[in-house]
Structures are given as structure tokens and as C-alpha cells.
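1. got a structure for you, letters missing:
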């Protein structure tokens, strides 16, 4: 499944939903975190995710160039996949999962393409999570 996504693509033309492109966010994940530890836990998890996301993107980038160790990209994608799922960043999680798979298979070209899509999804999630954090303050 190839998830190529660009900014603003939530669905297809005229509001049609594309089944293979997950939404940017899953609000149910935030509700689950609130049930576990209230708004304080939600804010803390979002803060940790946002800090981790930048570090993981750097790790992903380290393995992308020719001659670099693509295993570094796979490890970064694996970690990002999990942390994104925890805060409900579905699109980031799905793209990171796919990046993990292609990196493990040694497909550097696909990894480069997915990295670009992942950067867009990370920004979309960051905007939504920042807004949510402000609402909870």
C-alpha cells in the first residue's frame, strides 16, 4: 500500500474519502489518554511526541543518503510509528510504518519519497496537536 499524501489531502475530489489514506488525527486516541491521566497526561504525551518526532526525523534522514546505513532510517521510522500512534497522529504513524517496511527491504528510492510525505504529515499533525494543547491549557 503506497500512501503518497500531500498537504491538504484529507480525501479525494468532492469530499470523497480515499480508503488508503488515513486521516491526520484520531480524536479517539486523545480521549483514551484523557481517561488514563486527564489533560495533564495528554499535554505531556503530546510534548514528548513533538520532541521525539524531530529527533526521529533526523535519524530517518541520517540513513537516506547513498552510502548511509538504511537501518538507521528503519529504526527511526519504527520509533516514530509507535509514538505517533500513541497521540493519534494516524497519517504519520501509517507513513512511518511504510517507511520502516521499505527501509528494511533496502528500497532507498521509496524511502526518500516516503520521507518527503512524512515531513508533510508531521507538520499537519504538529499544527493539530499544538492547537489541542492550547485548548487543554
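-> Sure thing, it's come through. Quick caveat: nothing in here was measured; it's all calculated off a predicted structure. Residues are numbered from 1 along each chain as shown.

2. in what helix or strand does residue 67 lie?
-> Residue 67 belongs to no helix or strand when elements are defined using DSSP states H and E.

3. phi and psi next, for it.
-> Residue 67 adopts backbone torsions of phi 90, psi -10, taken as degrees, to the nearest 10.

4. confidence score at residue 3?
-> Listed pLDDT for residue 3 reads 38.

5. so which bits of the lengthiest helix in the chain are buried?
-> Longest helix in the chain, counting residues (DSSP state H): helix 27-63. By neighbour count with 16 or more other Cβ atoms under 10 Å, helix 27-63 contains the buried residues 29-30, 33, 42-43, 45-46, 49-50, 52-53, 56-57, 59-61, 63. Every residue, glycine included, has its C-beta placed from N, CA and C.

6. counting by contacts, list what it packs against.
-> Counting contacts by 3 or more Cβ pairs under 8 Å, 6 or more residues apart in numbering; DSSP states H and E, helix 27-63 packs against helix 70-87, helix 90-104, helix 108-136.

7. relative to residue 69, how far out is residue 122?
-> Distance, residue 122 to residue 69, by Cβ to Cβ, to the nearest Å: 22 Å.

8. before we move on, back to that, between the helices and strands packed on helix 27-63, which one is nearest to residue 20?
-> helix 90-104 (9.0 Å; Cβ to Cβ).

9. and the angle from the longest helix of the chain to helix 90-104?
-> Relative orientation of helix 27-63 and helix 90-104, computed by axes from the mean of the first three to the mean of the last three Cα atoms, to 10 degrees: 30 degrees.
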